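Q: I would like to see how this sequence folds:
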Amino acid sequence: MRIRRPRIGSVTLSILTAAFLLFLTNWTFWRKAFLYFAGHEDHLALMAIALFLLFVALMTTISVKYATKPLFIAFILISASASYYADTFGILISRDMIQNVALTSTSEARHLVTPDLIRHLALYGLLPSVLICWVEIVHRRFPAKLLHNCLVIFPALAIAAIISLSTYSTLASTFREHRDLIGSLNPTAPVVAAVRYASHEMRERNVVAQPLGRDARQGERMAGSQKPVLTILVIGETARAQNFGLNGYVKDTTPELAARNVAHFTDVSSCGTSTAVSVPCMFSVYPRSAYSEYKALATENLTDVLGHAGVKVKWFDNDAGAYQVADRIPYEFLPSTNDPRFCSGGECQDEILVERLKRELGEIKSNTVLVLHQIGSHGPAYHERYPESFERFKPACHTAQFADCTRDEIVSAYDNTIAYTDHVLAEIIDLLHDHTEFAGSLLFLSDHGESLGENGLYLHGTPYFLAPKTQTQVPMVAWFSDGYQALRPTDLACLKAQKDAPLSQDNLFHTMLGMMDVSTNAYDKGLDAFAACRDPAPSGGLASAAEPRS
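A: Model (predicted):
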């Protein structure tokens, strides 16, 4: 016996879908709304009515024959996915977040696929999608449908407009003060973000980098040194300043660095809250205030300027890539080696960088900068970022599903990743110290921080204007060998005295040029974090970092 499919009018289905999307996939939005509209619950109720009418108007507008089911299901699946990450981690789906998703490797993505996510998608995504597929939608003939739909759409828009105008002062001030509110509304926020990302990618796909710093040259002492100058630039991943023992954290997460006479800096701001933003930004000549991805792609970066000065530059990656920063230099993606000593499931622990560095030391014959890109403290699978022997802080969370752990367990697992980074950096310093045939130095700077449950936020990627300092304050550490100090004297006592001075990733481009004694019109002494403590002072022009010159 054939089961008869239920029949439903397109407008009725539009109303039901609008109600489902607005009220069942927007828990984070409504939780924030109740908080932000406290004392104005009447205006909150009116806003809910206005939003519902707008959703009904939108769903009715797109309820076109043959397109209704695909579009409705697409909105439902988008909302179900976005709502899980908003409800679980406090993540807002912005253009940068869409970019992060697009650039996420398979090994990284697997940590985000948890039983909770599957259950959530099944309940809020697959179940309503199956119901929409099952029902038979009744569409009127075109003239009648057009008239009927207009009788729904235009009154809904009119009433929503009247409500918005009558509560304008409250709505305007609330949305202006709490921009995260509209940024958490599903499915509009993720759809708008995806459209912005696609537009951005189309605009920048054929950009060619223009020359920068072609006048670069090294100072005579370094260029003529009998010992090759070797600077290791370690780009950290998701290390936040607040959990660095050197910065006064309650747990001693950095005992090995503390024993190695390093200079560290406590007030360093990131350019972004994601790797895809921060890494290109910190290597670009542009400060955060003037930075855009288009500018970064359209202008040569730090690696190019060092190359113009005759410095060899290589990039060894243990994270998700160099985000086009290393397009014009030798690049190695270490997880592809699948070294069983360090790697599992397509990811490797950071000592693989140390192992690769050991092999590289025998190949270095001239002044060189090696960029080591860590996987560091990338979440949510913090427990996979360090060997079992580095589980110093217990009990630690041993799953990527945060709902199965207490916040203290999550923080302990994260702190263990910082302790392991401390060990990796100490190993690199010891290598440079022991290889006296090089004039060695090290600079460590993390790309962005991490939220660990503060105000209900986890992970990173919050839009910068909303991001807490836990996501934007990063650790920075420097070390210089005796051989390096003989060529490029840098007063450690002076640096340590300035450890609390405000710095940012804007300083990296110019600080690295200063460390390698590179003179160029692209160099800005005022943005060289070590210039004031260096003797003799670095040579070079004082071109503004905001407008590079070749």
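Q: contacts and neighbour counts: CA atoms only from here.
A: Will do.
Q: mind listing what G248 touches?
A: By Cα atoms under 8 Å, 6 or more residues apart in numbering, the contact list for G248 reads Q242.
Q: quick one, phi/psi of it?
A: With angles defined as degrees, to the nearest 10, G248 sits at phi 100, psi 10.
Q: ok, V229 next?
A: Dihedral angles for V229 - degrees, to the nearest 10 - are phi -90, psi 120.
Q: what sits opposite it in the beta ladder?
A: When assigned by DSSP bridges, V229 has beta-bridge partners A439.
Q: ok, it - contacts?
A: M222, S366, N367, T368, F438, A439, G440, Y484, M516.
Q: same check on G379?
A: The neighbours of G379, taking Cα under 8 Å, 6+ apart as the test, are A400, L459.
Q: hang on, it in a helix?
A: No: remark: G379 does not belong to a helix; assigned using DSSP: H, G, I helix; E, B strand; the rest coil, it is coil.
Q: how far away is it from S344?
A: Computed as Cα to Cα, to the nearest Å, the G379 to S344 distance reads 16 Å.
Q: quick one: the strands in the stretch 351-500 of the chain?
A: For the stretch 351-500 of the chain, the strands defined by DSSP state E, counting those that start in this stretch occupy 368-373, 439-446, 451-452, 458-459, 473-480.
Q: and for the fourth one, what are the contacting residues?
A: I take that to be strand 458-459. Counting by Cα under 8 Å, 6+ apart, F89, G90, I91, G379, P380, E450, S451, L452 sit against strand 458-459.
Q: can you tell me which of the residues you listed is closest to E300?
A: Using Cα to Cα, E450 is the member of these that lies nearest E300, at 29.3 Å.
Q: so the closest one is in contact with A467, correct?
A: No: applying Cα atoms under 8 Å, one finds E450 not in contact with A467, separated by 9.9 Å.
Q: ok, the two, which is more surrounded?
A: Applying other Cα atoms under 10 Å to E450 and A467 shows that E450 carries more neighbours, namely 33 against 18.
Q: list the contacts for the residue lying closest to that one once chain neighbours are set aside?
A: Nearest residue to E450 in three dimensions, chain neighbours excluded: Q471, at 4.6 Å (Cα to Cα, 6 or more residues apart in numbering). Counting by Cα under 8 Å, 6+ apart, Q471 touches R240, T273, H448, G449, E450, S451, H460, G461, T462.
Q: closest to I163 among the residues you listed?
A: Of the contacts of Q471, the one sitting nearest to I163 (Cα to Cα) turns out to be T462, at 30.7 Å.
Q: from R217, how far out is that closest one?
A: 40 Å.
Q: between these two, which has more neighbouring residues?
A: T462 (26 against 22).
Q: I'd say the more buried one and R95 touch.
A: No: here T462 lies out of contact with R95, judged by Cα under 8 Å, at a distance of 10.7 Å.
Q: distance check, the residue positioned nearest the centre of the chain against I410.
A: Compute the mean C-alpha point of the chain, and by Cα atoms, centre = their mean the closest residue is S274, 0.9 Å away. The gap separating S274 from I410 is 20 Å, by Cα to Cα.
Q: leaving out chain neighbours, which residue sits closest to L185?
A: Using Cα to Cα, 6+ apart and skipping the chain neighbours, the partner closest in space to L185 is F29 (5.8 Å).
Q: shaky segments in the protein?
A: Applying pLDDT under 70 to the chain flags residues 1-2, 101-105, 107-109, 200, 203-205, 535-550.
Q: try it again at 50.
A: 537-550 (pLDDT under 50).
Q: how far off strand 439-446 does the longest helix along it point, in degrees?
A: Criterion DSSP state H: the longest helix present in the chain is helix 407-434. For helix 407-434 against strand 439-446, the angle between stretch directions is 160 degrees (axes from the mean of the first three to the mean of the last three Cα atoms, to 10 degrees).
Q: distance between helix 407-434 and the chain's centre?
A: Counting by Cα atoms, centre = their mean, to the nearest Å, helix 407-434 is centred 20 Å from the centre of its parent chain.
Q: what's S377 in contact with, if anything?
A: Contact analysis of S377 by Cα under 8 Å, 6+ apart lists E237, T238, A239, R385, Y414, T417, I418.
Q: reformat those residues as a markdown table; add neighbour count and distance to L357.
A: As requested, the contacts of S377 are exported to a markdown table (neighbours: other Cα atoms under 10 Å; distance: Cα to Cα, whole Å):
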| residue | neighbour count | distance to L357 |
| --- | --- | --- |
| E237 | 26 | 18 |
| T238 | 30 | 22 |
| A239 | 31 | 21 |
| R385 | 24 | 19 |
| Y414 | 31 | 25 |
| T417 | 29 | 20 |
| I418 | 27 | 20 |
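Q: now the residues you listed as TSV including distance to I352?
A: Output for the contacts of S377, formatted as TSV (distance: Cα to Cα, whole Å):
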residue	distance to I352
E237	15
T238	18
A239	18
R385	12
Y414	20
T417	15
I418	16
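Q: closest to H120 out of those residues?
A: In terms of Cα to Cα, no member of the contacts of S377 lies closer to H120 than Y414, at 25.7 Å.
Q: from E384, how far out is that closest one?
A: Distance of Y414 to E384, given as Cα to Cα: 10 Å.
Q: kindly report the same for G461.
A: 21 Å.
Q: test my guess that P287 contacts D506.
A: Yes: proximity of P287 to D506 meets the contact threshold set by Cα under 8 Å, at 4.9 Å.
Q: more neighbours, those two?
A: D506 (26 against 23).
Q: and the more buried one, that's in a helix?
A: Yes: membership of D506 in a helix is supported by three-state DSSP.
Q: so where do the strands sit in the stretch 1-150 of the chain?
A: Ranges of strands in the stretch 1-150 of the chain, per DSSP E, counting those that start in this stretch, are 7-9, 136-138.
Q: for the first one, packing partners?
A: Which is strand 7-9. Applying 3 or more Cα pairs under 8 Å, 6 or more residues apart in numbering; DSSP states H and E, one finds that strand 7-9 contacts strand 136-138.
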